[in-house]
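In: need a structure here:
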Amino acid sequence: MVALIGFATSVITGPANSYVFVYAQNVLGLSGTITAVMVVVAAVFGLVGLIFGRWLADTVGRRPTAAGAMAAMAVTGVLCYSGSRVALLVGYELGIFCASTFAPAAGALVNELFPTSVRASVAGWNVAAGVAGAVIGLLVFGSVADVGNRFAIGAAVTFLPMVAATALFLLLPETRHKEPEDLWPESA
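Out: Numbering: from 1, shown residues only. Modelled structure (predicted):
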């Protein structure tokens with residue numbers, strides 16, 4: 001389940017992060033200066049997202065925080081590529097915020113779900129699933145967007161189906177306020 005979630009997340013983040021600068025400059029005609037400012041401003045959104053994600057994961061729970069942030073990443077990715085400069089700027093900044101909110105919850109959940117004896121293997125499988133997801137996302141998004149600069153359709157076709165993968169979080173135990181030993185008593 002964890003690798004599938006990593007795969008689905010990377011289907012979104014791979015193209016959302018990789019094509020954004022080509023889209024900004026070559027499709028929407030944003031200057032390099034505006035694009036650079038967009039990236040600098042994203043640092044603030046990222047930091048606030050990390051702080052918010054940590055608080056939310058510890059207060060509400062890892063599963064709902066990660067699931068909600070993942071769904072929001074898909075929606076903000078679609079917004080980012082929807083066609084206007086304002087949508088790009090707002091979608092990009094909110095997308096960075098959502099991805100940063102996702103990171104503490106997902107990172108804690110993955111580390112807390114597995115006993116130490118298999119944690120390195122799990123990390124390896126997550127990296128492999130993430131790379132595969134990013135490649136698939138780049139291929140799907142790029143294939144659709146390449147037909148007449150249809151980035152909005154590419155984003156919708158690629159990102160929105162991945163929202164269904166947030167249901168996989170329901171199959172995982174909540175780890176908030178639990179010690180790893182509580183989840184895996186035989187490994188203690």
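
In: list the buried ones in stretch 156-167?
Out: Neighbour-count burial for stretch 156-167, counted by 16 or more other Cβ atoms under 10 Å, picks out 156-159, 162-163, 165-166. All C-beta atoms are positioned from the backbone trio N, CA, C, and that covers glycine.

In: so of those residues, which ones are in helices?
Out: The members of the buried residues of stretch 156-167 that map onto helices under DSSP state H are 156-159.

In: picking up where we left off before, can you lay out the buried residues of stretch 156-167 as JSON lines showing distance to Asn149 and pLDDT?
Out: Formatted as JSON lines, these follow (distance: Cβ to Cβ, whole Å; pLDDT from 0 to 100):
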{"residue": "Ala156", "distance to Asn149": "14", "pLDDT": "96"}
{"residue": "Val157", "distance to Asn149": "14", "pLDDT": "96"}
{"residue": "Thr158", "distance to Asn149": "15", "pLDDT": "96"}
{"residue": "Phe159", "distance to Asn149": "17", "pLDDT": "97"}
{"residue": "Met162", "distance to Asn149": "22", "pLDDT": "95"}
{"residue": "Val163", "distance to Asn149": "24", "pLDDT": "96"}
{"residue": "Ala165", "distance to Asn149": "28", "pLDDT": "95"}
{"residue": "Thr166", "distance to Asn149": "29", "pLDDT": "95"}
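
In: picking up where we left off before, ok, the ones in helices among the buried residues of stretch 156-167 vs Met70, which is closest?
Out: Nearest to Met70 among those is Phe159, at 10.3 Å by Cβ to Cβ.

In: how far away is the closest residue to the closest one other than its chain neighbours from Val127?
Out: Among residues not flanking Phe159 along the chain, Ala74 sits closest, at 4.1 Å (Cβ to Cβ, 6 or more residues apart in numbering). Using Cβ to Cβ, to the nearest Å, Ala74 is found at 21 Å from Val127.

In: now swap in Thr175 and tell me
Out: In terms of Cβ to Cβ, Thr175 sits 21 Å off from Val127.
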